[in-house]
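Chemist: Sequence plus predicted model, see below.
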Amino acid sequence: MANVVRTRIAPSPTGDPHVGTAYVALFNYAWAKKNGGQFILRIEDTDRERSNRTSERMIFESLRWLGLSWDEGPDVGGPFGPYRQSERFAIYRDHAEQLVARGAAYPCFCTRERLEGLREEQRRQKVAHALGYDGHCRALAPAEAARRRAAGEPHVIRLAMPREGETAVADLLRGEIRIDNRLVDDQVLLKSDGFPTYHLANVVDDHLMGITHVIRAEEWISSLPKHAQLYRAFGWEEPVFCHLPLLRNADKSKISKRKNPVSLNFYRRAGYLPEAMLNYLALMGWAISADREEFSLPEFIASFEIEDITLGGPVFDVEKLTWMNGKYIRALAVPDLLAKLRADILSDDHLTRVLALAHERVEKLEDFVEYARFFFVGEIEYDAEARVKLVGKKRTAAETAEALSRLLEERLDPLLDWEAARLEAEMRAFAEAAGWKSGDLFMPVRIAVTGKAATPPLFETMEVLGRELCRRRLRRAVETLRSMNADPGRGPAPEGV
């Protein structure tokens, strides 16, 4: 193993930058810096349908906002060529062929129809262990497989997993992990279009980039035998594996946007300080001492020992994070607090965009504060008129809640280019598909995101409010509508919801 510690964070650019990514990045960053090593950012964008550069840019911005700068990566370079997997496909194809030549992998010519039939039969037979590929093409003679490949027959490359015994791998926090090989099928390494799967690309890149410690979330433990067998098939030394406990909700379920905000963009837009976020994330499974909760990033790095991480499911409690953030804000000198407000919520750029929408609708300067209030606050209140219009024309609260929920899930959550023209196109298309008149849908949306029936143009307003605030308010509106439907006798939702 190399003497210099090298860690990495390898997010997939398929959506919002996740708070779980920041959590894993923090521990990787701290361990590298603790040991005078390097912290690498690699973009794992082999998912061609979902990966995009907008999400990648948000990852860069979020990590830099937190102060977790990387030593090597897509926009800073490094000695290992590209740091985007989409730019390294030739490397993965070459390594897949090496495994075939060694007999550690094989071409599989099974059609989609055969594989679907196999899965259906396994379900019908109620196979005791995990459903998976049956190794049908593994028995092909190498010469026959080579002939069919040369003829251009579509195929994938699969890893030839051991069929008996167990795969044992050491984990820094959990000791030896042993997994029955019968529970692990022959994983696809290279797809029929020549694109690699996560497993091959991940292992090849970690080895070629000299990663000494693979510090990642425990959800990847199930992939550990596949990765270990790949290292062994290549004859490579394995890195130190360390699987961190997953962040949990209070009910111990895995954190998700359905229960709590998980996007780093949400916390940045809401005015959480990066110092408070890092401090809180460091407490997820680690403590600087029994009687101390507040510490800086340099203090964390100086005191951090990776073996001290505890495995109990850490609860990501937004209320506690908010309490800690308040302490950090109150500790700021007034000029520093003013500088932070001017850098974001009261920046010239944001104020200029708001004024462009509001300046023809105010008659006195003091009117601006009340008229534009919804551009600057987090939660909004519904007055009596707005509460009625939130339900929608000739609709029930349940129907409107369902429509807004679907609008979020199907159109707005996946939309990364948050521009007025795109918002209008997506919402009109949704209204037509859902059987709503556009105007009947747009009014509940307007109420949900502004709290008012009279506002500047809806889509331009949503663009200035931003993706995080609009989605946050729409979710709260859905909750409000559902509570109204659950208790019709209580009338419209209370103010402040």
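Modeler: Structure received.
Chemist: Outline the domain layout of this protein.
Modeler: Domain segmentation of the chain under automatic domain parsing yields 6-86+248-326, 88-244, 384-490.
Chemist: So in the chain, where's the weakest helix or strand by average pLDDT?
Modeler: Using mean pLDDT, DSSP states H and E, helix 384-391 stands out as the lowest-scoring helix or strand of the chain, at a mean of 86.
Chemist: shouldn't residue 68 be in contact with residue 26?
Modeler: Yes. In terms of Cβ atoms under 8 Å, residue 68 counts as a neighbour of residue 26; the distance is 6.5 Å. Where you see a C-beta, it was placed from the backbone N, CA and C, and this is true even at glycine.
Chemist: overlap in contacts of these two?
Modeler: Any residue near both residue 68 and residue 26 by Cβ atoms under 8 Å, 6 or more residues apart in numbering counts here, and that gives residue 278.
Chemist: what about the two, which has more around it?
Modeler: Neighbours per residue (other Cβ atoms under 10 Å) separate residue 68 from residue 26, with residue 26 holding more: 25 against 21.
Chemist: ok, now which ones touch that one?
Modeler: For residue 26, the contacting residues are 66, 68, 278, 281-282, by Cβ under 8 Å, 6+ apart.
Chemist: in which helix or strand would I find it?
Modeler: Taking DSSP states H and E as the definition, residue 26 sits inside helix 19-34.
Chemist: still on that earlier bit, the contacts of residue 26 in helices, which ones?
Modeler: 66, 278, 281-282 (DSSP state H).
Chemist: Where do the strands of this structure begin and end?
Modeler: 6-9, 38-41, 105-108, 156-159, 166-171, 175-180, 188-190, 213-217, 240-244 (DSSP state E).
Chemist: what's the longest helix seen in the chain packed up against?
Modeler: As far as residue count goes, and with DSSP H defining each element, the longest helix of the chain is helix 467-486. Here helix 467-486 touches helix 264-270, helix 384-391, helix 397-407, helix 438-450, going by 3 or more Cβ pairs under 8 Å, 6 or more residues apart in numbering; DSSP states H and E.
Chemist: circling back to that earlier point, got the angle between the helix holding residue 26 and strand 213-217?
Modeler: Here helix 19-34 points in a direction 160 degrees away from that of strand 213-217 (axes from the mean of the first three to the mean of the last three Cα atoms, to 10 degrees).
Chemist: For helix 19-34, C-alpha coordinates in CSV please.
Modeler: In CSV, the C-alpha atoms belonging to helix 19-34 read as follows (Å, rounded to 0.1, in the frame of the first residue of the first chain):
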residue,chain,number,x,y,z
VAL,A,19,-26.3,16.1,2.3
GLY,A,20,-25.2,12.4,2.5
THR,A,21,-22.5,13.2,-0.2
ALA,A,22,-21.3,16.1,2.0
TYR,A,23,-21.2,13.7,5.1
VAL,A,24,-19.1,11.1,3.3
ALA,A,25,-16.9,13.8,1.6
LEU,A,26,-16.2,15.4,5.0
PHE,A,27,-14.8,12.2,6.5
ASN,A,28,-12.7,11.5,3.4
TYR,A,29,-11.4,15.0,3.4
ALA,A,30,-10.5,15.0,7.0
TRP,A,31,-8.7,11.6,6.9
ALA,A,32,-6.6,12.7,3.9
LYS,A,33,-5.7,16.1,5.5
LYS,A,34,-5.1,14.4,8.9
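Chemist: Low-confidence regions, the stretch 201-350 of the chain specifically.
Modeler: Judged against pLDDT under 70, the low-scoring parts of the stretch 201-350 of the chain cover residues 257-259.
Chemist: 50 - rerun?
Modeler: Filtered on pLDDT under 50, the stretch 201-350 of the chain yields no residues whatsoever.
Chemist: okay, the ones in helices among the contacts of residue 26 in CSV with neighbour count next?
Modeler: Putting the ones in helices among the contacts of residue 26 into CSV (neighbours: other Cβ atoms under 10 Å) gives the following:
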residue, neighbour count
66, 22
278, 22
281, 24
282, 24
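Chemist: Residue 320: what's it in contact with?
Modeler: With contact taken as Cβ under 8 Å, 6+ apart, residue 320 is in contact with residue 280.
Chemist: Quickly note the distance from it to residue 67.
Modeler: Taking Cβ to Cβ, to the nearest Å as the measure, residue 320 falls 21 Å from residue 67.
Chemist: Over to residue 326?
Modeler: Taking Cβ to Cβ, one finds residue 326 at 20 Å from residue 67.
Chemist: what do you get for residue 314?
Modeler: Between residue 314 and residue 67 the distance, using Cβ to Cβ, works out to 21 Å.
Chemist: How about residue 471?
Modeler: Relative to residue 67, residue 471 is positioned 26 Å away (criterion: Cβ to Cβ).
Chemist: Those two: who's more crowded?
Modeler: For residue 471 and residue 67, the more surrounded residue by other Cβ under 10 Å is residue 471, and the numbers stand at 23 against 13.
Chemist: Isn't that one up against residue 411?
Modeler: No. Contact between residue 471 and residue 411 fails when scored by Cβ under 8 Å: they sit 10.9 Å apart.
Chemist: about what we covered before: for the least confident helix or strand of the chain, give me every contacting residue.
Modeler: 382, 397, 400, 443-444, 447-448, 451-453, 477, 480-481, 484, 492-493.
Chemist: Could you do stretch 218-229 as well?
Modeler: The set of residues external to stretch 218-229 that reach it, using Cβ under 8 Å, 6+ apart, is 159, 161-162, 167, 169, 171, 177, 179, 181, 184, 187, 199, 202-203, 238, 241, 243-246.
Chemist: Next, the buried residues of that stretch.
Modeler: Taking 16 or more other Cβ atoms under 10 Å as the neighbour-count basis, stretch 218-229 is seen to contain the buried residues 218, 221, 223-229.
Chemist: before we move on, what about stretch 254-271?
Modeler: Along stretch 254-271, these residues count as buried under the neighbour rule (16+ other Cβ under 10 Å): 255, 257, 260-269.
Chemist: again, but for stretch 276-292
Modeler: Buried residues in stretch 276-292, defined by neighbour count with 16+ other Cβ under 10 Å: 276-286, 288.
Chemist: Alright, calling it a day.
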